[in-house]
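> Fold the following and give me the result.
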Amino acid sequence: MGVRFTEDALLVNLSDGREVSVPLEWFPRLRNATPEQRNNWRFIARGIGIHWEEIDEDIAVTTLLRV
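Okay, here's the model as predicted:
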């Protein structure tokens, strides 16, 4: 699993090989964060969520799958 960004999207690679892409517009804290802040993430709860400490953002992977 991994996390990366384009100019306007959050992309998450899942352990089963899928890649999920969602617009940064859905997550204003990430949208407004610097590239350094966006890249400072970690998995939480054994990989069911992603956390960005500096901007106080948490996203559950299941949220990304409800698209």
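> Helix, strand, or coil at S21?
Following DSSP: H, G, I helix; E, B strand; the rest coil, the label given to S21 is strand.
> Next one: it from D56, what distance?
Using CB to CB, to the nearest Å, one obtains 23 Å as the distance from S21 to D56. All C-beta spots, glycine's among them, are computed from the backbone N, C-alpha and C.
> More neighbours: the two, which one.
A count of neighbours by other CB atoms under 10 Å puts S21 above the other of S21 and D56, at 13 against 8.
> If the more buried one is in a bridge, with which residues?
L11 (DSSP bridges).
> With G2 instead?
N13.
> isn't it right next to L14, touching?
No: between G2 and L14 there is no contact under CB atoms under 8 Å: 9.2 Å.
> These two: which is more packed in?
L14 (14 against 11).
> Now the more buried one: closest residue in space, sequence neighbours ignored.
Counting by CB to CB, 6 or more residues apart in numbering, M1 is the residue found nearest to L14 once chain neighbours are left out, at 6.0 Å.
> mind listing what R31 touches?
Contacts for R31 (CB atoms under 8 Å, 6 or more residues apart in numbering) come out as L24, E25.
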